[in-house]
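> Show me the folded form of this:
(3 chains)
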Amino acid sequence: MATIVDIFEEKALEVKDFEFTYAGADAPSIKKLDMPIAKNSITALIGPSGCGKTTLLRSFNRIHDLYPGNKYAGEILFKGENILLPKQDLINLRIQIGMIFQKPTAFPMSIFDNVAYGMRLQGIKNKTELQDRVEKALKDAAIFEEVKDRLKQDANGLSGGQQQRLCIARAIAVEPEVLLFDEPTSALDPISTAGIEELVVELKNRVSIIIVTHNMQQAARVSDYTGFMYLGELVELGRTEEMFVTPREKLTEEYITGKFG
Amino acid sequence: MSAIVDKFFFYLTRTIALGILLIVAWIFVELFNNSLDSIQAFGFDFITEDKWAPNLEKFGALPAIYGSVISTFLAMLLAIPLAIGVAIFLSELAPAKLKTPFGVSIELLAAIPSVIYGMWGLFYFVPIIRDAFGGVGISMLTAGIVLSIMILPFIAAVTRDAMNTTPDILKESAYALGGTKWDVIKDIVIPYAKAGIIGSFILALGRAIGETMAVTFVMGNVHRISADLTQPATSIPVTLANEFNEADSGLYYSSLFELSLLLLVISFTIISIAKFYFLRRKRIGA
Amino acid sequence: MTHTQKRIVVNNVVMVLSALSALVGMGFLFWILGVLVLNGIDALNWAIFVNEGAPPGYEESGLKHAMIGQLYIVGVATFFGVPLGILAGTYLSEYGQKAKLAEIIRDISDIMMSAPSIVIGAFVYAIIVAPMGHFSGWAGSVALTIIMLPIILRTTDDMLNLVPSTLREAAFALGAPKYKVIIQIVYRGAKAGILTGVLLGVARVAGETAPLLFTSFNDNFLNTDMMEPMASLTVTMYNYATSPYEDWQKLGWAAAFILSMFILGLNIIGRIFLLKKRGK
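Sure, this is the predicted structure:
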């Protein structure tokens, strides 16, 4: 059984007895996992490659459903409802739970249209409203000043770091309640990485954040809670400042001191 | 000794490679030389004159050009929407189990010689057109439809390939914002693969306009410009296939060579546009 | 109806349309295939393989002349086209690489692959048939060689390119001259790919009809003299199918079936080679 610290905040998400099996695989990639995710906090997921942290992250917005044959079991509760039920409306779920990917994913359209994309999907057509919300999202993602004069230009002209902030702007423009970050800085240089980390911390007042990272320092710098996963199981979930100093599980200690992984 | 062989091998391969350019240049020169009589006799009128009367030694290519343009246009008009549907099905919709067999059979169908499509058209499609529109059933419309079916697998296969170049992570990002499959296809996949898709359409156009056997069976080789698509017509390759062996005078031959040259220039231009504007070859690893 | 509900409805409509168009497209194509197989098998019998052409209404008629003529014409084209294409492709990949000249040859070859084949027929007519004064098997083979060359050249170029450069460097480091590196290392590494290219190239020209109409022409009887007009399955098929005689039309279907099976067979074998290579 995993060691899980008590969480005093409200819970944004609650994972209960969760299992995930990839299409065609014999054994589940995530086994009997329980984990609470605190609201308006940042929870980092760490662990060696193949431990299931990205697999877990991609279950929260059920992006796994794009590929047939993947199987979920157990529960993930969001606003008191199990989002793994077949009747779950995936479009609605994904509007409320946004995602930022490993690599910047600027769409083949202008900067403005990129940020407006999610709002347009929801049927917002009013020009002034779109403009206001795009501008606000770009400001919140700390990229407005750099792009305000070229909103009509192709988003692929931006640098990697700028593109990643654009993707964050695009995600927060639809005002989600949870944001999932899948190693958001793995393709970026150190300066861009620092900028993204700063941004992530600022965002937690408005959204609950889960961030998968292969970089333990990053987890230590940005997160309030850290979950350490190993071989598809949660080994320990603790308050970040405590866990990196006094881990309760031996396996956690070995991992954060660099004995394996 | 080794050094001499080494040099020899280099020059051997280089000469043959250069030979390809030489052959292509030779094709243009030879066709041009053989067209000279016709060019001198008719000049620019050759492509604006609508009368093709070998017995009067009068040769105007307009009906053949008109037929080539209209039949190809018809074929593209019919094939493109269908091909896009097939491509979407193949790249985004088909269950994983169906994708490969379905995709391979499309590719194999693209490999079936066009003469087979023509033969099928003659025996099975001409009667349908005859029953539906009267007349003989051999017509511009029949040719357009048979041609569209012949190029369908090619367009579908290359459109699918172009769509498949869209990175999964880009599609996932759009799904992650609450997009439906169609939202993702129209907003992400098609814009991303736009150049490749348009390029493959134009490439298909370049092939269709030079296609001979699929249309020769069902077009009729009648040199007349008619707005009625159910009438027999002709196209440049159809004229060539039907008349080359019957030509009995120098000017007749020369006119047919000028038609060949015209066809080569037209398809060369179309294919070049597809290639240089839309389908820039991607270097391996780039 | 909310905007999202509307999107879902539109999505479903488009998905149904897409599946339908796939169904319609496949329907047409299977219709053609079905017609080909049914008519072909119906017309197939042993006599087709042992008899030559005969006047309509004559019972002992067959396709032996066309099959043998086809083998000659395509065989000779392969004999010249394959080595020439491979050597030219070798120049592009191993010597020319990204030089301007090599790029031009690549571009021109790509364009030639889609150029109208009937024009090649007209060209060969001008350079061979007209000077000789008559059609000949050779003329047909030359036309097919010209069509085959760019295909073999470009696949060879691409396949040699896939051979990792470290392999070449390792051989050079042992002091091997370049031609030996190419022949002993690079060709060996790209064997399956080149073979696939050759099979697909042969399959492609085997189905060509238009460039043979006025080069090798036709002959209703068996002829193995390449200097004379020669029958081919494709031209025979065209002549028989457009004739008003039912027994000739039937032979036309038999020819169509035999040729299609040959071409599909080559394509399938080619793909298997490529798959095997990828599997490694």
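> Which stretches in chain A count as strands?
Taking DSSP state E to define them, one finds strands in chain A at A:3-4, A:11-21, A:30-38, A:42-46, A:71-78, A:81-82, A:97-100, A:178-182, A:208-212, A:225-230, A:233-239.
> sorry, that was for chain B
Counting by DSSP E, the strands of chain B are B:52-53, B:58-59.
> can the strands of chain A go into TSV with extra columns for distance to residue B:74?
(C-beta placed from N, C-alpha, C; glycine too.) As requested, those are exported to TSV (distance: least, CB to CB, whole Å):
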stretch	distance to residue B:74
strand A:3-4	68
strand A:11-21	51
strand A:30-38	55
strand A:42-46	58
strand A:71-78	49
strand A:81-82	54
strand A:97-100	46
strand A:178-182	49
strand A:208-212	54
strand A:225-230	60
strand A:233-239	63
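> how about those strands, which one is nearest residue B:201?
strand A:97-100 (34.1 Å; CB to CB).
> does chain C sit close to the closest one?
No - shown here: strand A:97-100 not in contact with chain C (CB under 8 Å from any CB of the partner chain), separated by at least 15.4 Å.
> contacting residues around that strand?
A:60-61, A:63, A:78, A:164, A:167-168, A:171-172, A:174, A:176-182, A:184, A:207, B:172-173, B:176-177 (CB atoms under 8 Å, 6 or more residues apart in numbering or on different chains).
> run the last query once more with 7 Å
A:60-61, A:63, A:167-168, A:171, A:174, A:176, A:178-182, A:184, B:176 (CB atoms under 7 Å, 6 or more residues apart in numbering or on different chains).
> What of stretch C:28-41?
Contacts for stretch C:28-41 (CB under 7 Å, 6+ apart): B:109, B:116-117, B:120, B:124, B:149, B:153, C:253-254, C:256-257, C:260.
> and if we set it to 8 Å?
B:105-106, B:109, B:112, B:116-117, B:120, B:123-124, B:149, B:152-153, C:250, C:253-254, C:256-258, C:260.
> residue contacts, residue A:156?
A:106, A:108, A:163.
> Could you point out which of those residues is nearest to chain C?
Closest approach between the contacts of residue A:156 and chain C, by CB to the nearest CB: residue A:108, at 19.7 Å.
> For that closest one, what are phi and psi?
phi -70, psi 70 (degrees, to the nearest 10).
> What residue in chain C comes nearest to chain A?
Counting by CB to the nearest CB, chain C gets nearest to chain A through residue C:3 (2.5 Å).
> Just give the closest residue to that residue, not the sequence neighbours.
Spatial nearest neighbour of residue C:3, chain neighbours left out: residue A:123 (2.5 Å); criterion: CB to CB, 6 or more residues apart in numbering or on different chains.
> what ranges do the helices span in chain B?
B:2-42, B:45-48, B:62-88, B:96-111, B:114-120, B:126-133, B:140-164, B:168-176, B:181-184, B:190-192, B:194-210, B:213-219, B:236-243, B:250-273 (DSSP state H).
> just those helices: most buried one?
The highest mean neighbour count among those, using mean count of other CB atoms under 10 Å in any protein chain shown, belongs to helix B:213-219: a mean of 29.
> any idea of the mean pLDDT for it?
For helix B:213-219, the mean pLDDT works out to 95.
> same check, this time on stretch A:37-52
Mean pLDDT, stretch A:37-52: 95.
> Can you point out the buried residues in it?
For stretch A:37-52, burial by neighbour count (16 or more other CB atoms under 10 Å in any protein chain shown) applies to A:37-47, A:51-52.
> Now the residue sitting nearest the centre point of chain C: which helix or strand?
The centroid of chain C falls nearest to residue C:204 when counting by CA atoms, centre = their mean (1.1 Å). Per DSSP states H and E, residue C:204 falls inside helix C:191-206.
> just checking, what packs against that helix?
With contacts defined as 3 or more CB pairs under 8 Å, 6 or more residues apart in numbering or on different chains; DSSP states H and E, the packing partners of helix C:191-206 are helix B:96-111, helix C:64-90, helix C:137-162, helix C:246-279.
> Tell me which of those helices is the most buried.
Across the helices and strands packed on helix C:191-206, the average number of neighbours (mean count of other CB under 10 Å) peaks for helix C:137-162, which reaches a mean of 25.
> hey, which helix or strand in chain A has the poorest pLDDT?
strand A:3-4 (a mean of 88; mean pLDDT, DSSP states H and E).
> list the contacts for residue 14?
With no chain named, the answer covers chain A. Contact analysis of residue A:14 by CB under 8 Å, 6+ apart lists A:35-37, A:75-77.
> that answer is for a different chain, and I need it for chain C
B:88, B:182, B:185 are the contacts of residue C:14 under CB under 8 Å, 6+ apart.
> related to what we said a few turns ago, could the helices and strands packed on helix C:191-206 go into a markdown table alongside mean pLDDT and distance to chain A?
Compiled in a markdown table, the helices and strands packed on helix C:191-206 are given as follows (pLDDT from 0 to 100; distance: least, CB to the nearest CB, whole Å):
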| stretch | mean pLDDT | distance to chain A |
| --- | --- | --- |
| helix B:96-111 | 87 | 6 |
| helix C:64-90 | 96 | 34 |
| helix C:137-162 | 96 | 26 |
| helix C:246-279 | 90 | 18 |
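> before we move on, back to that, quick check: the farthest pair among the buried residues of stretch A:37-52?
A:40 and A:51 (26.2 Å).
> Filtering the contacts of residue A:14 by proximity to chain B, which remain?
Okay, of the contacts of residue A:14, nothing touches chain B (CB under 8 Å from any CB).
> can you pick the most crowded of these?
residue A:37 (26 neighbours; other CB atoms under 10 Å in any protein chain shown).
> Point out the residues in the stretch 101-250 of chain A that sit beside chain C.
By CB under 8 Å from any CB, the residues of the stretch 101-250 of chain A that approach chain C are A:121-123.
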